[in-house]
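**Q** fold the stuff below for me.
(one chain, ligands or ions: 1)
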Amino acid sequence: MKVLYLNGPNLNLLGTREPEIYGKTTLGDIEKSVRDKAGQMDVEIEFRQSNAESEIVGWIHSSKNTCSVIVINAGALTHTSLAIRDAIAACGLPAIEIHLSNTHRREPFRHFSYLSGVAAGIIAGFGKQSYLLALDAAVSVHANRK
Ligand code: CA2
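**A** The predicted structure is shown next:
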């Protein structure tokens, strides 16, 4: 099985700013940890980041025939993007919404997510570990679908 990890705007800055909220780990470090764990589980990973909503929508569309599960940290687009929600619903793959921070402990504008209503599940607040937990969730969601 192949899991598509999608990362939204500004996540390329991880590890360089606001370490008190997002930690000191870079997105590259997270990708490496996910790939290491996936290797032990015999799972293939595609790992992408974009600052452009349209690019993320395009990746969701083209994942339909190549991937089994989408894991998505849409960054701030979580709270604004009906387009990403519709793309997830349209592609039909199970999607797991993830966040580094616990968005419900933060500002009220981060409490609403356009994606949660079309997600198989949500993992938030565990930093880098959110990405690793999502891999277990992806395998489980895929197994229960077969
Ligand atoms: O907690 C998360 O993973 C978020 O998706 C991160 C988004 C934020 O808008 C969401 O509400 C919650 C922000 C990603 C930007 O990451 C930065 C990393 C370093 C420096 C500045 C931003």
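
**Q** next, the spatially most central residue of the chain: phi, psi?
**A** Nearest to the mean C-alpha position of the chain, by C-alpha atoms, centre = their mean, lies Ile72 at 1.9 Å. Per-residue torsions, Ile72: phi -130, psi 120 (degrees, to the nearest 10).

**Q** chain neighbours aside, what residue packs nearest to it?
**A** With C-beta to C-beta, 6 or more residues apart in numbering as the criterion, Ile72 has its nearest non-adjacent residue at 4.5 Å, and that residue is Leu6. Quick note: C-beta positions are derived from backbone N, CA and C, even for glycine.

**Q** give me the number of residues near the one you found?
**A** For Leu6, the neighbour count with other C-beta atoms under 10 Å is 26.

**Q** quick one: Ser62 is in a helix?
**A** Yes - residue state for Ser62 (DSSP: H, G, I helix; E, B strand; the rest coil) corresponds to a helix.

**Q** so what pLDDT did it get?
**A** At Ser62 the predicted local confidence, pLDDT, stands at 97.

**Q** check Ile45 too.
**A** Looking at Ile45, its pLDDT is 98.

**Q** which residues does it bridge with?
**A** For Ile45, the residues forming beta bridges with it (DSSP bridges) are Val3.

**Q** shouldn't it be in contact with Asp36?
**A** No - Ile45 is not in contact with Asp36 according to C-beta atoms under 8 Å; the separation is 10.0 Å.

**Q** what about the lowest-mean-pLDDT helix or strand in the chain, near the ligand?
**A** Within the chain, no helix or strand scores below helix 19-22, which has a mean of 85 by mean pLDDT, DSSP states H and E. Yes - Helix 19-22 lies within reach of the ligand by C-beta under 6 Å from any ligand atom, at Tyr22.

**Q** again, but for stretch 88-108
**A** Yes - residues of stretch 88-108 contacting the ligand under C-beta under 6 Å from any ligand atom: His99, Leu100, Ser101, Thr103.

**Q** report the buried residues of that stretch.
**A** Ile88, Cys91, Leu93, Pro94, Ala95, Ile96, Glu97, Ile98, His99, Leu100, Ser101, Thr103 (16 or more other C-beta atoms under 10 Å).

**Q** list the contacts for the last one?
**A** In other words, Thr103. Counting by C-beta atoms under 8 Å, 6 or more residues apart in numbering, Thr103 makes contact with Thr78, Arg110, His111, Ser113, Ala124, Gly125.
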